[in-house]
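Asks: need a structure here:
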Amino acid sequence: MHLAVLLLVSALSGATLALDNGEMRVPPMGWLAWERFRCDIDCAHDPKNCISEDLFIDMADRLSEDGWRELGYVYVNIDDCWSSMKRDEKGRLQADPKRFPGGIHKLARYMHDRGLKLGLYGDLGTHTCGGYPGTTLDKIELDAQTLADWEVDMFKFDGCYSNATEQAKGYPLMSKALNATGRPIGYSCSWPAYQGGLPPKVNYTQLGEICNLWRNYGDIQDSWDSVLNIIDWFFENQEVLAPAAGPGKWNDPDMLIAGDFGLSMDQSRAQMALWAIMAAPLFMSNDLRTISSGARSILQNKMAISINQDAMGIQGRRIVKEKNGIDVSWRPLSNNASALVFFSRRNDMPYRYQTTLGKLNYTAGSYKIYDVFTEKTTTLKDTTGFVVSVNPTGVVMWHVSAPAKRNLRQFYKGGRLQGFAFGNDDENVVPHAFL
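Replies: Next up, the predicted model:
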């Protein structure tokens, strides 16, 4: 890698300090219960789909037996509604004895025996969002130690039933308490989502010092409208969000929902591609026992995962937003490689988008292009015009190999995107037929 790029990457990664627990140096990957199963505790009528020990064992079995674990999907995360409605006689949180008869520690051991990790949910407040016991300020050290005793590997700390003052105290205190246990526990903070996600209420320098990842925005729902709303918010605020991310500290746009009910295959590919570009955690929320082969192939795409897991950890950005409904996003990768995503906001028909690598600010040279979802390869010079056909609400995603080298210094000059936010080429003006 060229010295200028190394210096720039160093400056970017050093802009904020990561939580010093050694965890999540690349975006975490796994499975999370919430979007697909919510707070279904009716095990009497639907034992296979309620929040119970059996559900998480089933998902662990699927991760370990169906090729997910080897790709990096190692976390099995329990969300809200797992606990008893009361703490035990010593004031500790406890699992619901009917739905989790073996307790959380036994479940953690089950995960560890299969090369997986267990994540657990809690809430900074009097109650969780689902009405179960929360973690008030006086219970933080006790609950952190309980998590360590149970051998939990990740902790998501929500913020229902708390106020801004309690959050300002509680989120840093929990970080300190988790570290004090001596057990490495990845720490997911929902703090920015409760404060609007943006400065001045949100201090991303502080977040990077106390949390491994954080929810910035609202919960994802099983619909394309929800996914698009999240995409828009993250890219419209990329000047603030992208510099905050890096090894051990990640913006979290929420779960992957491919394999559920709301997205087409094209939309599922779009979410996977854009989450990879954003260096987002990849937590699926679906039913791995019944997932379709199409959704599985998207979520198990090795190149998309490789792009997401790139060791440099630089969050990508949108570099072109065309009036014709095509966005282009770009992410720098290790070894002078990069990734491009051509994303269509259109709803009418496939759109033939024309450009060159030179217009996307690649320097002079010949580049090897690998299409992530078709697995086709080609070679392009920076001056060679090309056309990509992008399906409605779909993507074309490329891995661009060395000597692919974008002008990183110009791209990140002063921490701001310089001159590439909107394309104005005549050839990309919306044709009359599409108006």
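
Asks: show me where the stretch 301-435 of the chain has strands.
Replies: 317-321, 326-332, 338-344, 351-355, 366-371, 377-381, 386-390, 395-400 (DSSP state E, counting those that start in this stretch).

Asks: could these go into TSV alongside mean pLDDT and distance to Asn163?
Replies: Backbone N, C-alpha and C define where each C-beta goes, glycine included. TSV is the format used below for these (pLDDT from 0 to 100; distance: least, CB to CB, whole Å):
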stretch	mean pLDDT	distance to Asn163
strand 317-321	98	34
strand 326-332	98	36
strand 338-344	98	38
strand 351-355	98	47
strand 366-371	97	49
strand 377-381	96	54
strand 386-390	98	45
strand 395-400	98	40
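
Asks: nearest to Asp260, of the ones you listed?
Replies: Between Asp260 and the strands of the stretch 301-435 of the chain, the shortest gap by CB to CB is with strand 395-400, which sits at 18.6 Å.

Asks: Next, the contact list for Gln132, please.
Replies: Wrong residue type there; residue 132 is Tyr, not Gln. By CB atoms under 8 Å, 6 or more residues apart in numbering, Tyr132 lies in contact with Asp80, Cys81, Trp82, Ser83, Ser84, Met85, Asp123.

Asks: residue ranges with poor pLDDT in this protein?
Replies: The model of the chain has pLDDT under 70 over residues 1-17, 403-435.

Asks: coming back round to it: select from the contacts of Tyr132 every entry located in strands.
Replies: The strands, defined by DSSP state E, take in Asp123 from the contacts of Tyr132.

Asks: out of the contacts of Tyr132, which are buried?
Replies: Among the contacts of Tyr132, the ones that count as buried by 16 or more other CB atoms under 10 Å are Asp80, Cys81, Trp82, Ser83, Ser84, Asp123.

Asks: of all these, which two lie farthest apart?
Replies: Spatial extent of those (CB to CB) is set by the pair Ser84 and Asp123 at 14.6 Å.

Asks: mind giving me the domain ranges of the protein?
Replies: Listed domain ranges for the chain are 17-308, 317-434 (source: automatic domain parsing).

Asks: Packed most tightly, which of these would that be?
Replies: Ranked by mean neighbour count, those are led by domain 17-308 with a mean of 20 (mean count of other CB atoms under 10 Å).

Asks: Would you confirm that Lys201 contacts Gln195?
Replies: Yes. Counting by CB atoms under 8 Å, Gln195 is a contact partner of Lys201 at 4.2 Å.

Asks: related to what we said a few turns ago, can you check which of the strands of the stretch 301-435 of the chain gets nearest to Ile291?
Replies: strand 395-400 (20.3 Å).

Asks: From the contact counts, what lies against the closest one?
Replies: Applying 3 or more CB pairs under 8 Å, 6 or more residues apart in numbering; DSSP states H and E, one finds that strand 395-400 contacts helix 265-277, helix 302-308, strand 338-344, strand 366-371, strand 386-390.

Asks: would you list those in CSV and tack on distance to Trp214?
Replies: Below are these laid out as CSV (distance: least, CB to CB, whole Å):
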stretch, distance to Trp214
helix 265-277, 15
helix 302-308, 17
strand 338-344, 23
strand 366-371, 32
strand 386-390, 31
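
Asks: so which of those gets nearest Asp61?
Replies: Closest among the helices and strands packed on strand 395-400, once you apply CB to CB, is helix 302-308, at 20.9 Å.

Asks: just checking, what packs against the helix ranked longest in the chain?
Replies: Looking across the chain with DSSP state H, the single longest helix is helix 164-180. Helix 164-180 is packed against helix 140-149, strand 154-158, strand 186-189, helix 191-194, helix 204-210, with contacts defined by 3+ CB pairs under 8 Å, 6+ apart.

Asks: how much does the first one deviate in direction from helix 164-180?
Replies: The one in question is helix 140-149. Here the directions of helix 140-149 and helix 164-180 differ by 40 degrees (axes from the mean of the first three to the mean of the last three CA atoms, to 10 degrees).

Asks: So what would you say the end-to-end distance of stretch 111-121 is?
Replies: End-to-end span of stretch 111-121 (CA to CA, to the nearest Å): 16 Å.

Asks: got it, and stretch 324-339?
Replies: Using CA to CA, one end of stretch 324-339 lies 22 Å from the other.

Asks: and if you look at stretch 253-269?
Replies: Stretch 253-269: ends 16 Å apart by CA to CA.

Asks: from the chain's centre, how far out does stretch 52-68 sit?
Replies: Centre-to-centre, stretch 52-68 and its host chain are 21 Å apart (CA atoms, centre = their mean, to the nearest Å).

Asks: Pull it out as CSV, backbone CA atoms only.
Replies: Provided in CSV are the C-alpha atoms of stretch 52-68 (Å, rounded to 0.1, in the frame of the first residue of the first chain):
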residue,chain,number,x,y,z
SER,A,52,-37.2,-20.1,24.6
GLU,A,53,-34.1,-22.3,25.1
ASP,A,54,-35.2,-24.6,22.3
LEU,A,55,-35.3,-21.7,19.7
PHE,A,56,-31.7,-20.7,20.4
ILE,A,57,-30.5,-24.2,20.5
ASP,A,58,-32.1,-24.8,17.1
MET,A,59,-30.4,-21.6,15.7
ALA,A,60,-27.1,-22.7,17.1
ASP,A,61,-27.4,-26.1,15.4
ARG,A,62,-28.2,-24.4,12.1
LEU,A,63,-25.2,-22.0,12.4
SER,A,64,-22.9,-24.9,13.2
GLU,A,65,-24.2,-27.4,10.8
ASP,A,66,-25.3,-25.5,7.7
GLY,A,67,-22.1,-23.6,6.9
TRP,A,68,-22.8,-20.3,8.6
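
Asks: Give me the contacts around it.
Replies: Contacts to stretch 52-68, defined as CB under 8 Å, 6+ apart, come from residues 30-31, 33, 37, 41, 43, 47-49, 69, 73-74, 76, 78, 99-102, 107, 110-111, 114-116, 288-289, 296, 300.

Asks: repeat for stretch 225-233
Replies: Defining contact as CB under 8 Å, 6+ apart, one finds that stretch 225-233 is touched by 197, 216-218, 220, 253-254, 257, 262-263, 267, 270-271, 274, 345, 393.

Asks: And for Phe342, nearest residue in space, chain neighbours not counted?
Replies: Of all residues not flanking Phe342 in the chain, Val396 sits nearest, at 4.5 Å (CB to CB, 6 or more residues apart in numbering).

Asks: isn't that neighbour right up against Val341?
Replies: Yes. Using CB under 8 Å, Val396 is in contact with Val341, at 7.4 Å.

Asks: okay, the strands of the stretch 301-435 of the chain in JSON lines with distance to Tyr161 next?
Replies: Below are those laid out as JSON lines (distance: least, CB to CB, whole Å):
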{"stretch": "strand 317-321", "distance to Tyr161": "36"}
{"stretch": "strand 326-332", "distance to Tyr161": "37"}
{"stretch": "strand 338-344", "distance to Tyr161": "38"}
{"stretch": "strand 351-355", "distance to Tyr161": "46"}
{"stretch": "strand 366-371", "distance to Tyr161": "48"}
{"stretch": "strand 377-381", "distance to Tyr161": "53"}
{"stretch": "strand 386-390", "distance to Tyr161": "44"}
{"stretch": "strand 395-400", "distance to Tyr161": "39"}
